[in-house]
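A.B. asks: fold the stuff below for me.
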Amino acid sequence: MHFRRPVSWAILSILLITTFFTAKARAEYPQQVDDENILTPTTVFLPVITKPGSTPPLPTLPPPPLPTLPPPTLTNIIDHTSLPLYDQIPARYLDAAENIRLTFVDRSVGSNIFDGLGCLAAQNWASSISSCRRHYTDSSLTNWKTFTINDPIIPEVIRFPGGNSRANIEFIFRADTWENDLRWFIDNYPNYADRDIFTLQHNYLHVGSGSTIAREYFNPNYPGTNIYDVVALEARYPMKTFVYWTTSLARTIGTPESQSFNDQMRSWARANNKILIDVADILSHTPEGVPCVNSQGFEIICREYTTESDGGHLGSVSGGKIQVAKAIWILLAQLAGWNGIP
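C.D. replies: Below you'll find the model as predicted:
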C-alpha cells in the first residue's frame, strides 16, 4: 500500500513524456507518422549486416571457350539413328577425320570396338580379315559363318567400303571399378593432353546389378569421383574436345542400374550440349532399328551383335563392332567440319 502513490506518479510522468515526443515527431515528420507506426526521436536506422561467415558474391567472369563441337546442323549425340550418315560422308571429310588423334579407354568391348575400326581400315570389304565378315546365316540367329564375295547375299550390317585409316586412333585397356577407372582417366589426362580427344567409356560390368554408378555418378553431393570431376577437367582444358559415352550392354545387362545410368547420361549430354556416342542405344537396336529389351523393359545387347548367352562381347559376329566403329567415324567427320551434306 505504501508504494501505490509513487508508482502512479511514475506512470503519469512516462505518459506525459511519451505524449510530448509523439506530438513533436508529428510536427517535425508529418509524412512519416501514422496511427500504427510512430516515428520517435529514438528511432535508429542500422546498416545492412550480412550473416556471420558470409562472403560478398564474386564478380561474374566470362565463360571459358567451349570445346570443339560438331556443326549445329548435326546432333551432338550419335546413336542408332545416325548410322546411315556413315555412307554419306564425303571422302575429303573422312580424310580430314583421319588426322584427328583419338585415344579411348575401355575394357574388353573397347578392344572389340578397336577391332571394328580395324575392319573399316581394310583396303576394302573383301580384303578385310575374316573376323570382320561374320554374321548369322538365318533369322534364327543360331548359326553363323564368315561371308565372302562369293556369297550371293552379304548381310548389310557387316558391309563397308574400307579405307578408313585408324593410325591416329589408340585404345587403352582398363579393368577396374567404375570409380577407379574414372579416377585413373582424370589423373592421367595430362599425359594424353597432346591428343585431340582423350575419352573413357564405362563398360557393362560397371552397370551390373548392385553397382552404385547410377546413384552417384551425377550426384553433386557425392564425395568420391564422378561427372563433376570431369566437368572440372574440361575447365582446365577448354581447347580440348571431350566426348562422353553410354555403356556397352550384355544379354543379362540390362539392369535397373544400366538403364538409369544411360538415361541420365543422355539427359545430361542433351542439357549440357555435350558430345555423346550412345553405344547402349546402338547395341540395343537391331540393324533394322527394332529395340532389344529384356522382360523388365531394360535395354540389352541385340542377339544380332553377340553370340554370347550372358555377356556382350562383339567378337564372334562382326555387326556390333562395325556399327560402333561407323558411329565413331561419323563423329570424327563432324569434328573435321562435315555439315551433313553428302
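
A.B. asks: can we go C-alpha only for contacts and neighbour counts from here?
C.D. replies: Will do.

A.B. asks: check whether T307 really touches G319, as I assumed.
C.D. replies: No: in this structure T307 lies outside contact range of G319 using Cα atoms under 8 Å: 11.1 Å.

A.B. asks: ok, the two, which is more surrounded?
C.D. replies: G319 (28 against 22; other Cα atoms under 10 Å).

A.B. asks: end to end, how far does stretch 288-307 reach?
C.D. replies: Using Cα to Cα, to the nearest Å, the end-to-end distance of stretch 288-307 comes to 18 Å.

A.B. asks: all strands of the stretch 1-150 of the chain, in order?
C.D. replies: For the stretch 1-150 of the chain, the strands defined by DSSP state E, counting those that start in this stretch cover 77-78, 102-106, 134-136, 144-146.

A.B. asks: redo those as JSON lines? Include mean neighbour count.
C.D. replies: Converted to JSON lines, the strands of the stretch 1-150 of the chain look like this (neighbours: other Cα atoms under 10 Å):
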{"stretch": "strand 77-78", "mean neighbour count": "22"}
{"stretch": "strand 102-106", "mean neighbour count": "20"}
{"stretch": "strand 134-136", "mean neighbour count": "23"}
{"stretch": "strand 144-146", "mean neighbour count": "15"}
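
A.B. asks: got those strands as a markdown table, with mean pLDDT and distance to D263 columns?
C.D. replies: Shown next, in a markdown table, are those (pLDDT from 0 to 100; distance: least, Cα to Cα, whole Å):
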| stretch | mean pLDDT | distance to D263 |
| --- | --- | --- |
| strand 77-78 | 96 | 13 |
| strand 102-106 | 98 | 20 |
| strand 134-136 | 98 | 30 |
| strand 144-146 | 97 | 33 |
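
A.B. asks: closest to Q296 out of those?
C.D. replies: Shortest distance between Q296 and these, using Cα to Cα, is found for strand 77-78: 25.5 Å.

A.B. asks: need the contact partners of that closest one.
C.D. replies: 269-270, 274-278, 327, 330-331 (Cα atoms under 8 Å, 6 or more residues apart in numbering).

A.B. asks: go again using 7 Å as the cut-off
C.D. replies: Here strand 77-78 makes contact (Cα atoms under 7 Å, 6 or more residues apart in numbering) with 275-278, 327.

A.B. asks: which stretches of the protein have low pLDDT?
C.D. replies: Applying pLDDT under 70 to the chain picks out residues 1-74.

A.B. asks: before we move on, back to that, tabulate the contacts of strand 77-78 (TSV), appending secondary structure, distance to P291 and neighbour count.
C.D. replies: Listed next are the contacts of strand 77-78 as TSV, based on DSSP: H, G, I helix; E, B strand; the rest coil; distance: Cα to Cα, whole Å; neighbours: other Cα atoms under 10 Å:
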residue	secondary structure	distance to P291	neighbour count
I275	strand	23	23
L276	strand	19	22
I277	strand	17	25
D278	coil	14	22
A327	helix	18	25
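
A.B. asks: now, which of these sits nearest A121?
C.D. replies: A327 (14.2 Å).

A.B. asks: which residues touch that closest one?
C.D. replies: Applying Cα under 7 Å, 6+ apart, the residues near A327 are 78, 83.

A.B. asks: state the distance from it to D278.
C.D. replies: With the distance defined as Cα to Cα, A327 ends up 9 Å from D278.

A.B. asks: swap in N203?
C.D. replies: According to Cα to Cα, N203 stands 12 Å off from D278.

A.B. asks: same thing with L332?
C.D. replies: L332 is 14 Å from D278, by Cα to Cα.

A.B. asks: same question, S295
C.D. replies: From S295 to D278 the distance is 22 Å (Cα to Cα).

A.B. asks: save the strands of the stretch 1-150 of the chain as TSV, and put in distance to D95 too.
C.D. replies: Formatted as TSV, the strands of the stretch 1-150 of the chain follow (distance: least, Cα to Cα, whole Å):
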stretch	distance to D95
strand 77-78	20
strand 102-106	15
strand 134-136	27
strand 144-146	29
